[in-house]
Each structure stands twice: as C-alpha cells, then as structure tokens.
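S.K.: Structure, please.
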Amino acid sequence: QDSRSDIVYGLDEMGFEVEASHHEVAEGQHEINFTYEDALEAADNIATFRSVVRAVAAQNDLHATFMPKPIPEINGSGMHSHISLFDEDGKNAFDNDDDEFNLSETAYQFMGGILNHAPAFTAVTNPTVNSYKRLVPGYEAPVYVAWSDVNRSALVRKPAARVAASRIELRSPD
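M.R.: Model (predicted):
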C-alpha cells in the first residue's frame, strides 16, 4: 500500500493524472490507472510508468515485476488498454446514444478488426511463453476471441461508462 502510494505521488509529480489505484485480486498485485492520451504519448507514458514503478519498488527494498503469470494457480497480471477514437473536431467516433451499448457502427467495425486480427497482434502484445500461461480459463483473463459488456473472459470488453465517453477495453496485452 505504501509503495503504491509513493508510485502514485511520483507519477503525479511527473504530470500523470492518476484516475485510480487499488489492490488487485492476487497477493502483491496492484492496479494503477492513468488518464488517456493520444497513442504516441500513451506509449511513452507506459514506458515511464514501468520505470517509475521499478524505481520506487527498489527504494522500498521490493522488486516490481510485470511478468504476466509469475505464480501458477492465481490471477496473472495484464495491461488492459482502453481505446476510443476521436475525429478532428474532438467528437468520440465510438459514441452512439441510440445503441444499447452506446457504441457506433465505427466502434463495432473497430472491434471486428481487433477480433479478426487477434492472432497476429497477440504475437506482439504477448511476446513470451509466460504471456500465454496467463491466458487460461478461471483467472479473469481473456480466453475467447469475442467481445462482451460483462464477461471478463472476452478479448474485448465494453466497460460501463464512468464519463460520457464510449470506449472499448482490450484485455489481452501484458
């Protein structure tokens, strides 16, 4: 808990806007969520985040690992990426208030592309043998190339809206 707080404070001092942080399911497992950015800045933020987590852990005589499944028989660790698209005017291209899930045709087509190309991009987003040890039934990991609004076993999930922005969650990367 104390180390996670130090991480959040450090990220805050670096300009990150941390939306939430809490203990996760497995022992010693934590989740820290920061706000969205465009794709390039988000990638930079992920690399910075990993460095900050490792540095703060070391300062507290701990070792931080991002290994997807370090311990068999307990939940692994993944990187759930929330994705949305905005047009040049700043309008969310995934949003449609008339749809049951508040998703536009563009959002459904985007999800279809993810599901269609899942085998190819999984080789990049899950690059180690240990990556695939996480993707097994029973541990809240995605095991179906499908989408759902509630089933955490689906590759893509439509999370409940916390704000007026439609997005999808890609659950397989680690």
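S.K.: what about this structure, any weak spots by pLDDT?
M.R.: Across the chain, the ranges flagged by pLDDT under 70 are 161-165.
S.K.: Could you give the separation of the longest helix seen in it from the chain centroid?
M.R.: When the chain is scanned for its longest helix (criterion: DSSP state H), the result is helix 39-59. Put simply, helix 39-59 sits 14 Å off its chain's centre (CA atoms, centre = their mean, to the nearest Å).
S.K.: do the same with stretch 84-96
M.R.: The answer for stretch 84-96 is 20 Å, by CA atoms, centre = their mean.
S.K.: quick one: buried residues of it?
M.R.: Neighbour-count burial for stretch 84-96 flags 85, 92, 94-96 (criterion: 16 or more other CB atoms under 10 Å). (Each C-beta comes from the backbone N, C-alpha and C, glycine too.)
S.K.: go on, stretch 9-27?
M.R.: 11, 16, 21, 26.
S.K.: what about the third one, which SS state?
M.R.: For Ser21, the secondary-structure state derived from DSSP: H, G, I helix; E, B strand; the rest coil is strand.
S.K.: give me the number of residues near Glu37?
M.R.: Look at Glu37: counted by other CB atoms under 10 Å, it has 14 neighbours.
S.K.: Wait, it touches Thr48, no?
M.R.: No - assessed by CB atoms under 8 Å, Glu37 is found out of contact with Thr48, at 11.3 Å.
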